[in-house]
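Trainee: Quick one, structure for this:
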Amino acid sequence: MSIYDLNGRSAIVTGGTRGIGRGIVLALAKSGANVAFNYSRSADEAEKLLSELGLHGIKAFASPCDVANTEAAADFVKQVVGEFGTVDFLVNNAGITRDQLILRMKEDDWDAVVDTNLKGAWNFSKAVLRPMMKNENGGSILNISSISGVVGMLGQSNYSASKAGMIGLTKSLAKEVASRKITVNALAPGLIETDIASEMNAQYREKILAQIPLGRLGSVQEIADIACFLLSDSARYITGQVIQPDGGLAM
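Mentor: Alright, predicted model coming up:
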């Protein structure tokens, strides 16, 4: 049971079928929010998640959508407004990696990562603003950046640039829409226990853990709990901020 009461509110979470996105979708549903999420290829995972959401007595909606496609993002938001009546929360979580040293990185690898991670967040933010502005109490946008966007990571010039760009987008947009009661914040997680993290070889994992003062990876639930807080009424006076749940990695 969540400590945040989001009953009657409606949320969109991009990239909601796996990892952090899935955790946030479930946390919002447990808080009473109606939840919509997109997916790219994981239709089976989407169906499983929809079934799970049905147990929480909320409205749920899912549809394939390429977040990098501006028209597709706008159409997705229109569908959600049709299903739920409005949008109160947006979580820009969809993201990909194509790691490589810059001398070996292909242009397509740069474009794909920046388009999905950064342009995707811009597309959905732009699309939700009009329905949010019609809400009496505005709304909240949360961008899932990364510690890689704060300090930069070896072999991630594309990913780090896209995630740093999300931080800039967060701060700029927060100033633009504050007068409309819309808050915009970002999370910059460190290493989190997801499917990707579980695939790390033991030697590399130990090397990473040695750099984290708290001595462990974060959990998806911890990130989801922070996300719910930043979207909730308890955080209505917080905007333009970047929260780093990273175990002290980038102190």
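
Trainee: quick one, helices of the stretch 101-250 of the chain?
Mentor: For the stretch 101-250 of the chain, the helices defined by DSSP state H, counting those that start in this stretch occupy 107-114, 120-133, 148-151, 157-177, 195-198, 202-209, 220-231.

Trainee: Ile208: neighbour count?
Mentor: By other C-beta atoms under 10 Å, 14 other residues sit near Ile208. In short, each C-beta sits where N, CA and C put it, glycine included.

Trainee: Identify the residues contacting the residue nearest to it when sequence neighbours are not counted.
Mentor: Counting by C-beta to C-beta, 6 or more residues apart in numbering, Leu191 is the residue found nearest to Ile208 once chain neighbours are left out, at 5.9 Å. The contact partners of Leu191, taken as C-beta atoms under 8 Å, 6 or more residues apart in numbering, are Ile147, Ala197, Ile208, Ile212, Leu217, Gly218, Asp246, Gly247, Leu249.

Trainee: Repeat that for Glu45.
Mentor: Applying C-beta under 8 Å, 6+ apart to Glu45 gives the contacts Thr17, Arg18, Tyr39.

Trainee: Near the second one, how many other residues are there?
Mentor: Other residues near Arg18 come to 17 when the count uses other C-beta under 10 Å.

Trainee: Just send the contacts of Leu191 back as a markdown table, with distance to Ser157 and pLDDT too.
Mentor: Shown next, in a markdown table, are these (distance: C-beta to C-beta, whole Å; pLDDT from 0 to 100):
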| residue | distance to Ser157 | pLDDT |
| --- | --- | --- |
| Ile147 | 15 | 95 |
| Ala197 | 21 | 74 |
| Ile208 | 19 | 86 |
| Ile212 | 23 | 96 |
| Leu217 | 24 | 95 |
| Gly218 | 24 | 97 |
| Asp246 | 20 | 96 |
| Gly247 | 24 | 97 |
| Leu249 | 19 | 94 |
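
Trainee: Narrow those to those that are buried.
Mentor: Buried subset of these (neighbour count, 16 or more other C-beta atoms under 10 Å): Ile147, Ile212, Leu217, Gly218, Asp246, Gly247, Leu249.

Trainee: Farthest pair within the residues you listed?
Mentor: Among the buried ones among the contacts of Leu191, the pair separated by the greatest distance (C-beta to C-beta) is Ile147 and Leu217, at 11.9 Å.

Trainee: anything in contact with each of the two?
Mentor: Gly190, Leu191.

Trainee: Cool, thanks, signing off.
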